[in-house]
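>>> 3D, please:
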Amino acid sequence: MRIILISIVGSLLSCSLHAQVIPTGAMRRTMWEGQLAGLIAMDSIAGPGMYGIGPLEHLRGEITMVDGRCFVSYVLPDGTVRVEERSDVKAPFFVRASVTRWDTVTLPSMVVDLPSLDAFLTEWAKMRTEPFTFRLRGLVGDAHVHVMNVPPGTTINGPGEAHSHQVVVHDRNNEGTLVGFFSTKHKAVFTHHDTNIHVHYISWDQKLMGHLDVLRIDPARVVLEVGR
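Here you go, the predicted model:
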């Protein structure tokens, strides 16, 4: 009996060690209700181990936090995308987690794109009740990312209006990192209504970063990790 109790307590403690996912604001409020102003300042949360993703306030770009380093992408007047490391920015909605350790998860050969990654994580997480953060690092065969670029003063009344102003950029055969969050309970909060994951991509040379829409990978050439 004592051994069983120790085992149960150990399992509960292990579950409690998973990094707590904290959402601020909600995707639906920004996209459907026009809540574009920043609700969370990046310099108030930046620190070692912090990971997070979301749009720049007023949907003027994208934000990705990697181990406390805050990267911001935005569109220049000529239509090109620039990435800067800075934390003096805000987001209208944002999801984050403070990670102290990463556990490697073996990717099966069928995981080659975002839909198959979503399906695999959904199956893998069946016994989990809480959302979690993950990262995928390595050679990315193809990545299509968008960067929001809503003109100042624009009123947003739906996702279609917001995304009509985005700029899409492709990256091929480049080393990069995907920062993602998984949940089956946060649709329209920090995941879209038709997926359980929300993912940003940043190339290792830090020249491209944005919301990931299309992905092609060879699972043998990347590493998937889940945050604790």
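
>>> find the helix or strand that Trp32 is a member of.
Taking DSSP states H and E as the definition, Trp32 sits inside helix 27-33.

>>> so which bits of that helix are buried?
27, 29-31 (16 or more other Cβ atoms under 10 Å). Just so you know, the C-beta spots here come from the backbone N, C-alpha and C atoms, and that holds for glycine as well.

>>> with stretch 20-28 instead?
Residues of stretch 20-28 classed as buried: 21, 23-27 (neighbour count, 16+ other Cβ under 10 Å).

>>> who touches it?
Around stretch 20-28, the neighbours that count as contacts under Cβ atoms under 8 Å, 6 or more residues apart in numbering are 35, 39-40, 54, 91-98, 130-133, 181, 183, 186, 188-192.

>>> if you set the cut-off to 7 Å instead, what comes out?
For stretch 20-28, the surrounding residues in contact (Cβ atoms under 7 Å, 6 or more residues apart in numbering) are 35, 39-40, 92-97, 131-133, 181, 186, 188-190.

>>> out of the residues you listed, which are buried?
Listed as buried from the contacts of stretch 20-28 are 35, 39-40, 92-97, 131-133, 181, 186, 189-190; burial here means 16+ other Cβ under 10 Å.

>>> among the residues you listed, which two are most distant?
Farthest-apart pair in the buried ones among the contacts of stretch 20-28 is Gln35 and Phe132; separation 25.8 Å (Cβ to Cβ).

>>> where along the protein do the helices fall?
For the chain, applying DSSP state H gives helices covering 2-16, 27-33, 114-124, 159-163.

>>> and the ones you listed, which one is worst for confidence?
Note on those: lowest mean pLDDT is at helix 2-16, with a mean of 41.

>>> so what does the longest strand along the chain touch, helix or strand wise?
Ranked by residue count, the top strand of the chain under DSSP state E comes out as strand 209-227. Contact analysis of strand 209-227 by 3 or more Cβ pairs under 7 Å, 6 or more residues apart in numbering; DSSP states H and E lists strand 62-66, strand 69-75, strand 102-105, helix 114-124, strand 132-147, strand 197-203 as its packing neighbours.

>>> how about these, which one is nearest Val223?
Distances from Val223 to each of these were compared using Cβ to Cβ; the shortest belongs to strand 132-147, at 5.2 Å.

>>> partner strands of that closest one, with direction?
For strand 132-147, the paired strands and their directions (DSSP bridges) are strand 167-182 (antiparallel), strand 209-227 (antiparallel).

>>> any chance of the ones you listed in CSV, plus distance to Gly158?
CSV is the format used below for these (distance: least, Cβ to Cβ, whole Å):
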stretch, distance to Gly158
strand 167-182, 19
strand 209-227, 17
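
>>> Glu62: which of those strands is closest?
For the strands paired with strand 132-147, proximity to Glu62 was assessed by Cβ to Cβ; strand 209-227 is nearest, at 4.8 Å.

>>> how distant is the closest one from the center of its chain?
Between the centre of strand 209-227 and the centre of its host chain there is 11 Å, according to Cα atoms, centre = their mean, to the nearest Å.

>>> now do stretch 107-119
16 Å.

>>> mind listing what's buried in that stretch?
In terms of neighbour count (16+ other Cβ under 10 Å), stretch 107-119 has its buried residues at 107, 111-112, 114, 116-118.

>>> can you check stretch 212-226 too?
The neighbour-count criterion (16+ other Cβ under 10 Å) identifies 212, 215, 217, 219, 222, 224-226 as the buried residues of stretch 212-226.
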